[in-house]
Structures are given as structure tokens and as C-alpha cells.
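> just need the structure, nothing else, for what follows:
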Amino acid sequence: MQERQVRTLPGVPMVLVLTAATVAACWTMVRAIRDGDLPIAGGIALVVLGVLWCGFFIVQPNTASVLQFFGRYVGVERNSGPRWTNPFYTKKSVSLRVRNFESSKLKVNELDGSPIEIAAVVVWRVHDAAEATFNVDNYENFVHVQAESALRQMATSHPYDAHDGKIALRSHSKEINQHLKEEIEERLEQAGVTVQEARVSHLAYAPEIAQAMLQRQQAGAIIAARTRIVEGAVSMVHMALDQLAEKGVVELDEERKAAMVSNLLVVLCGERGTQPVVNTGTLYT
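Got it, this is the predicted structure:
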């Protein structure tokens, strides 16, 4: 069941034609009554014209009217303004405007099994009024249900945090939004609906594990910071030893080098400022 254009007549010219015909039928009835005859012809004409007046309908901008004839699909009219067609056609208006909604916060398990809360904003519009009317029972409810189903499926396919080179919900927003859009489009293909945009609007760990996950994230940040500090400290110690040896400032044996390295690492890697100890004796006391 796909959309096809149906031919209807412009409404304004038909108003003029039917108005003139109605006036003529009324004049015929008046003349018949004045002449003492039964106004049969005028009465029949008025009944027919009354039925024809029922053929008018209005198409709003960016809307479509789906026409049926006793249950049989006829076609779709997209031309806006007053229109006229067969008065026995039934008309159903379908909005073609862009619409959006935000899903409820869903509680799902991400790829690693941790419970998370996730929600999304979906921007969509109807591109085929016939499919939206006849292929699904209620296309608006269908869009909402299928979008949440796609969101659940997408959330279970990715981890919350990035590891092992995998696309993560928290760090790869562009890829995640594209995946979500494709998942929704696949489910809405038969409903005549186009998804223009889909993006995650809320993402968080479930309350029961949020504190534990926060501690894990803090631990990871501390480890990463410490790693950078140690790398920098080792580089600085190596540079100090090389420059001391190159310029001949002092000659140190292996034991003294080890002591110097230990002291420098303590100074450079410590969280608090160190208190210096001044040696007033010889170099080796």
C-alpha cells in the first residue's frame, strides 16, 4: 500500500458552479410553484446538488488527505487549499509536518551487564501518508513504541565506557546516535515514516550502582594521572643524570646514583611538598 496522487478539482471554481446551479434549481422550483405545477425537477436537482456540496474538503499546508471509496483506497491529495472530489469519498487528514518526542528513561543492561538509564530524542515525519494510514494501526503510537525498542537494542550492543577499542555509549556520541537512527529507521520502514534525527538525551548508571561506578571512574582517573606523573618523573631523572655526567659536575657511583634517583622520584611523584635536609658534612656522610 503506497501513496499515489489522486486528481481532485479546485474548490473555488466548484463553489461558483454549484452556487449557480443551486440558484437555478431554486428559481425552477419557484416558477413551478407559481405556475401551479409540482416542483419535481427542482426538488430532484436540489437533492443532487446537496449531495455534491458534500464533496468539498480543505487540505491544510503540509498535510495530506487520504481518500477512500467505501473502504477502497483511492489516493492521496497533497495540494493545499479548498478541493472538491467525489462526495462519497471519505477523507482522512495525515500531518506531514516534522514532529519530535523524548522517550521515557529506560533502565537497561549495557554490553558489560551494568544497569544504566538511557533516554533519546527522536525527530520524525510522515513521508508516505498511505503507508502510515493503512500499514499500521496507529502510526504515532507505533513510532513511540518502536523507537523505545530500538533504543533498548542499541544500548545493549555497546558498553557504557570505552575499553578494548569498542564504541562506547559515553564517549562515542556521533557513532551511537547514528546507530540509534538506523535501528529506528529499520523498524519504521513499513509505516511510511522518515527519521530525521535521533540522539541520546540522557545517559547515566542506574542509582543502585552509580556510587560504585563513580569510584571506579575516579580510580581510573587517578591511575591515568599517576601514570603521566611517573613517566614525566622518570624522564626528568634521566635527563638530570645525563646532564650531570655530560658536564662533569659530579661523579657518582652506582649506589649514589640509586640514592639520587630515589630522592628525585620521591620529590617529583609525591602528593605533598617535601622538606629538604641540608647535608653539612662531606659528600659521603
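
> CA atoms for contacts and neighbours, from now on please.
Will do.

> before we move on, which element is I223 in?
Per DSSP states H and E: I223 is located in helix 207-247.

> packing partners of that helix?
Contact here means 3 or more C-alpha pairs under 8 Å, 6 or more residues apart in numbering; DSSP states H and E; on that basis helix 207-247 packs against helix 254-269.

> compute the inter-axis angle for the helix it packs on and helix 207-247.
Between helix 254-269 and helix 207-247, the angle comes out at 140 degrees (axes from the mean of the first three to the mean of the last three C-alpha atoms, to 10 degrees).

> excluding chain neighbours, what is closest to the residue nearest the centre of the chain?
Nearest to the mean C-alpha position of the chain, by C-alpha atoms, centre = their mean, lies A198 at 1.6 Å. Distance criterion C-alpha to C-alpha, 6 or more residues apart in numbering; nearest residue to A198, sequence neighbours excluded, is V122 at 4.5 Å.

> residues in contact with that neighbour?
N100, F101, E102, S103, A147, V195, Q196, E197, A198, R199 (C-alpha atoms under 8 Å, 6 or more residues apart in numbering).

> what ranges do the helices span in the stretch 1-150 of the chain?
11-34, 40-53, 129-134, 139-155 (DSSP state H, counting those that start in this stretch).

> those helices: which one's closest to Q68?
Closest to Q68 of the helices of the stretch 1-150 of the chain, according to C-alpha to C-alpha: helix 129-134, at 10.7 Å.

> ok, and what's touching that closest one?
Applying C-alpha under 8 Å, 6+ apart, the set of residues contacting helix 129-134 is 1-3, 64, 66, 75-76, 94, 96, 126, 138-139, 190-193.

> again, only this time at 10 Å
1-4, 63-67, 73-78, 92-96, 126, 135-136, 138-140, 142, 188-193 (C-alpha atoms under 10 Å, 6 or more residues apart in numbering).

> in strands only, show me the residues you listed.
The strands, defined by DSSP state E, take in 63-67, 73-77, 92-95, 126, 193 from those.

> closest one of the residues you listed to L49?
L67 (21.0 Å).

> which residues touch that closest one?
6, 73-77, 85-86, 88-93, 130.

> buried ones only from those, please, as a ChimeraX command.
Buried residues among those (16 or more other C-alpha atoms under 10 Å), as a ChimeraX selection:
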select :73,74,75,76,77,85,86,89,90,91,93,130
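
> low pLDDT regions in the stretch 101-250 of the chain?
209-213, 216-217, 248-250 (pLDDT under 70).

> farthest-separated two in the ones in strands among the contacts of helix 129-134?
Farthest pair in these, by C-alpha to C-alpha: V74 and V193, 20.5 Å.

> separation between the closest residue in space to N138 that isn't next to it in sequence and F142?
Ranked by C-alpha to C-alpha, 6+ apart and with sequence neighbours excluded, the top spatial neighbour of N138 is A132, at 8.0 Å. Relative to F142, A132 is positioned 10 Å away (C-alpha to C-alpha, to the nearest Å).

> got any residues that touch both of those two?
By C-alpha under 10 Å, 6+ apart, A132 and F142 have these common neighbours: L188, A191.

> more neighbours, the two?
Under the criterion of other C-alpha atoms under 10 Å, the comparison of A132 against F142 puts A132 first, with 25 against 15.

> I'd guessed R7 sits against S65; true?
No - contact criterion C-alpha atoms under 10 Å: R7 and S65 do not qualify, at 11.9 Å.

> settle it for me: which of the two has more neighbours?
Each of R7 and S65 had its neighbours counted (other C-alpha under 10 Å), and the higher figure belongs to S65 (24 against 14).

> enumerate every residue touching the closest residue to the more buried one other than its chain neighbours.
With sequence-adjacent residues excluded and distances taken as C-alpha to C-alpha, 6+ apart, S65 is closest to S93, at 4.4 Å. With contacts defined as C-alpha under 10 Å, 6+ apart, S93 is in contact with 58-60, 63-67, 76-78, 129, 133.
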